[in-house]
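Undergrad: heads up, no residue letters with this:
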Ligand SMILES: C[S@@+](CC[C@H](N)C(=O)[O-])C[C@H]1O[C@@H](n2cnc3c(N)ncnc32)[C@H](O)[C@@H]1O
């Protein structure tokens, strides 16, 4: 028998799963850019999709030279650099994208200022998002925050997912952007036993931390009560008028 998640009835029914990366790509394509800078491009999935569009010049930015080199070996134009200090002149690209990167940068307002400076037409940001009005989302948000505290102890920059205003305020400070955003909620239930096993493994990566162990127990108790549902997404487009 499938275990039942205790999601309170006050929560809306789950929506069919959507591919938020495809939504970012669709938003990008709708702008018909001639050039795109993908900041924190990872293995270059977005760049590959952009390259498949033909006439678009796609450039990636990766913080470590080794990652940039690997991407170049795969035929992508990827340059080393950090979101907070983009190595490009003002207005070098039609569109600048940050796909699941905003929660990794050390100084988000600075990274957004840089994206706004380098983008001629638009900045697109995709990241995780939690609907804090819903108990099962608060559980997942707390678990996400807990994992990121461990990551930070391990030396990684791993911040909470940005809220819309974390993106909007710094972008509007750069100029009269037209901003449009959508927060997407899917409410896919996550099995608590799996999440707990992964969390306990994660906790073993650092020196014994009783306060983090106690915090995990509290989050798991909340999870047993309310269930735990996957992160939603925030997709924001900021266009120069
Ligand atoms: C979750 S991955 C997302 C990768 C890719 N954008 C994707 O969606 O598949 C986060 C990426 O951010 C990059 N990153 C971390 N800190 C960065 C920084 N300060 N500037 C630019 N990229 C950064 C990492 O190298 C990593 O590739």
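TA: Arrived safely, thanks for sending. Fair warning: this is a prediction, and the values are worked out from it, not measured in the lab. Numbers count the residues shown, from 1 in each chain.
Undergrad: can you list the low-confidence ranges for this protein?
TA: Confidence mapping of the chain against pLDDT under 70 gives the ranges 1-18.
Undergrad: which other helices and strands contact the biggest strand by length in it?
TA: When the chain is parsed with DSSP state E, its longest strand is strand 119-129. If contacts are counted by 3 or more C-beta pairs under 8 Å, 6 or more residues apart in numbering; DSSP states H and E, strand 119-129 sits against helix 20-30, strand 93-99, helix 108-118, strand 232-239. Placement of C-beta: from N, CA and C, glycine included.
Undergrad: would you mark the buried spots in the first one?
TA: Of the residues in helix 20-30, those buried under the neighbour-count criterion (16 or more other C-beta atoms under 10 Å) are 20-21, 24-25, 27-28.
Undergrad: give me the helices and strands touching the helix or strand just after it, please.
TA: Moving toward the C-terminus from helix 20-30, the next helix or strand (DSSP states H and E) is strand 35-39. Identification of packing neighbours for strand 35-39 by 3+ C-beta pairs under 8 Å, 6+ apart yields helix 45-52, strand 57-62, strand 93-99, helix 108-118.
Undergrad: nearest to residue 86, of the ones you listed?
TA: For residue 86, the closest of these is helix 108-118, at 4.5 Å, according to C-beta to C-beta.
Undergrad: helices or strands next to the top helix by length along the chain in the packing?
TA: Longest helix in the chain by number of residues, with DSSP state H as the criterion: helix 135-153. Helix 135-153 makes packing contacts with helix 192-203, helix 210-226 when contacts are defined by 3+ C-beta pairs under 8 Å, 6+ apart.
Undergrad: quick one: the shortest one to helix 135-153, angle?
TA: Direction vectors for helix 192-203 and helix 135-153, defined by axes from the mean of the first three to the mean of the last three C-alpha atoms, to 10 degrees, enclose an angle of 20 degrees.
Undergrad: list the buried residues in helix 192-203.
TA: Neighbour counts using 16+ other C-beta under 10 Å place 192, 195-196, 199, 202-203 of helix 192-203 among the buried residues.
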